[in-house]
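Peer 1: Next input, structure requested:
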Amino acid sequence: MHEQSEDGHAGASRRNAVFPIPSGWVLNQVCRIDAVAPGFMRQMCRARLKWRQACWAALSMGAIDSPDFHVQATGSADGHDMMSPADLIREFAEISVTMSARQIIEATFPTCPDGYLGVLGKLHGEAPSDPGFYSRLHAVFTSDDPLDRLRAKALQQVAGLGETKIEAAFALQDAAFLTPLALSRFHSVQSALRVEAQAKAVRSLNPRLSDDDISAAFAAGRDGFQPWFHRLLLKSKADFALPTDVDPDFVRIDGDNAKAIGEVMENCLDVEKVLPRSLSGIWSLVHWRPENIVVALRKFDLGCADGWALTEVHLAKNSVVSRADVQRVADRVRPLGILCPVPCDPDPQLQDLSGAFGGWKIGDIWDFGDDWD
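Peer 2: As a prediction, the model looks like this:
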């Protein structure tokens, strides 16, 4: 009867195919059984793949070393507590090959939730590297947690599964990626967590984004060779305060206005470079509109408090910035509470020292131009 059962039994592999047992803990366990019950390994190699996965799940839970499996499988506890280790192994070999995959799971956990065997069947001949894998997967399918329900549903709908994809599903905590399409794209836990971290950053910048928005953007993939979250970032706005916010002469540069301001200044303002930094909360480009000057502001720990300092000055047409330009900017932004050091020249009597050892250049962050060597 089991031969036609969807969950299969030990001796019903199609076309009498032979499937090798992967090296590792599974092979070690099967070798232990075969040493006591010769022929078990041969049966395992010819068994249906779903049955093999169910058997490996039982082995992962210590079924051959504990009377519990035998009690659940036979419905009787008579004499099991008196069995030797070898007898326990021998009985497992004899009983398991007469059971269906579902019966083995029920004797092991002791429930076989809907969908669990189907996911195990997608692993084909792959044996998970960690024996705890089967228990974690079972916990997902018996959980009432909303995220676990999404995990279980998505895993049932993914066509091709492996241990790494399922482990990625275990690790994910963002519902937007617990979808069949998303899980099919993750090839490691690290790749899944990296995408989840990107989504977390995007969500923090745009709280209005829904799970469906994130899922749709990820499903669309790359656009114009840009990462999936690129178009979501383009819709995001920095919400941290700048000292220049209170002054109408200054406007932040972001994804919406970078190109236009670059055209006004006849400079190249690369949106791809400006946007990520402008959303970081510690850096911003600001356009001083009446003077057509762009300045970069950077947040610093000043010891007693955090503060903003001016670190770059850019003139129209990429003109060379002079000391006078920096002084003009300093006079304008200092009243707003922005730190703006202006580099000092040495004493005139010491000017000749500049060439004594091949010249100097002060390489700090406030070295605005090449004309102060």
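Peer 1: quick one: buried residues of the longest helix along the chain?
Peer 2: In the chain, taking DSSP state H as the definition, the longest helix is helix 189-205. By 16 or more other Cβ atoms under 10 Å, the buried positions in helix 189-205 come out as 189, 192-193, 195-196, 198-199, 201-203, 205. All C-beta spots, glycine's among them, are computed from the backbone N, C-alpha and C.
Peer 1: Who are the packing partners of it?
Peer 2: helix 163-171, helix 211-220, helix 230-234 (3 or more Cβ pairs under 8 Å, 6 or more residues apart in numbering; DSSP states H and E).
Peer 1: who wins for proximity to residue 62 among these?
Peer 2: helix 163-171 (20.1 Å; Cβ to Cβ).
Peer 1: Identify all contacting residues around that closest one.
Peer 2: Contacting residues not belonging to helix 163-171 are listed as 119, 123, 126, 128-129, 133, 136-137, 140, 151, 154-155, 158, 178, 183-184, 186-189, 191-193 [Cβ atoms under 8 Å, 6 or more residues apart in numbering].
Peer 1: PyMOL command for the buried members of these?
Peer 2: Here is the PyMOL command that picks out the buried ones among these, judged by 16+ other Cβ under 10 Å:
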select buried, resi 119+123+128+133+137+140+151+154+155+158+178+183+186+189+192+193
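Peer 1: Kindly reformat the buried residues of helix 189-205 as CSV and extend each row with pLDDT and distance to residue 214.
Peer 2: Shown next, in CSV, are the buried residues of helix 189-205 (pLDDT from 0 to 100; distance: Cβ to Cβ, whole Å):
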residue, pLDDT, distance to residue 214
189, 95, 19
192, 95, 14
193, 96, 15
195, 94, 10
196, 96, 10
198, 92, 10
199, 94, 5
201, 89, 11
202, 90, 7
203, 91, 7
205, 87, 12
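Peer 1: Could you report the neighbour count for residue 97?
Peer 2: For residue 97, the neighbour count with other Cβ atoms under 10 Å is 19.
Peer 1: low pLDDT regions in the stretch 51-200 of the chain?
Peer 2: 79-81 (pLDDT under 70).
Peer 1: of all the buried residues of helix 189-205, which comes closest to residue 262?
Peer 2: Nearest to residue 262 among these, with distances taken as Cβ to Cβ, is residue 205, at 22.6 Å.
Peer 1: pretty sure that closest one is touching residue 229, no?
Peer 2: No: counting by Cβ atoms under 8 Å, residue 205 stays clear of residue 229, with 10.3 Å between them.
Peer 1: Just the buried residues of stretch 62-80, please?
Peer 2: Applying 16+ other Cβ under 10 Å to stretch 62-80 flags 63-64, 67-70, 72-73, 80 as buried.
Peer 1: The residue nearest the centre of the chain and residue 177: what is the separation?
Peer 2: Centroid-nearest residue in the chain: residue 193, 1.5 Å away (criterion: Cα atoms, centre = their mean). To residue 177, residue 193 is 10 Å away according to Cβ to Cβ, to the nearest Å.
Peer 1: Also residue 340?
Peer 2: 44 Å.
Peer 1: Between the two, which is the more surrounded one?
Peer 2: In this view residue 340 and residue 177 are compared by other Cβ under 10 Å, and residue 177 has more residues nearby, 24 against 21.
Peer 1: could you pull out the strands for the stretch 201-350 of the chain?
Peer 2: 250-252, 283-288, 293-301, 306-314 (DSSP state E, counting those that start in this stretch).
Peer 1: most tightly surrounded among the ones you listed?
Peer 2: With neighbours taken as mean count of other Cβ atoms under 10 Å, the strands of the stretch 201-350 of the chain reach their highest mean count in strand 283-288, at a mean of 22.
Peer 1: From the contact counts, what lies against that one?
Peer 2: strand 250-252, helix 271-278, strand 293-301.
Peer 1: And for stretch 231-246, what's in contact with it?
Peer 2: 202, 205-206, 209, 213-214, 217, 223, 250, 252, 254-255, 275-276, 278-279, 281, 284, 286, 297, 308, 333, 336-338.
Peer 1: With the flanking residues excluded, which residue is spatially nearest to residue 228?
Peer 2: Of all residues not flanking residue 228 in the chain, residue 218 sits nearest, at 5.0 Å (Cβ to Cβ, 6 or more residues apart in numbering).
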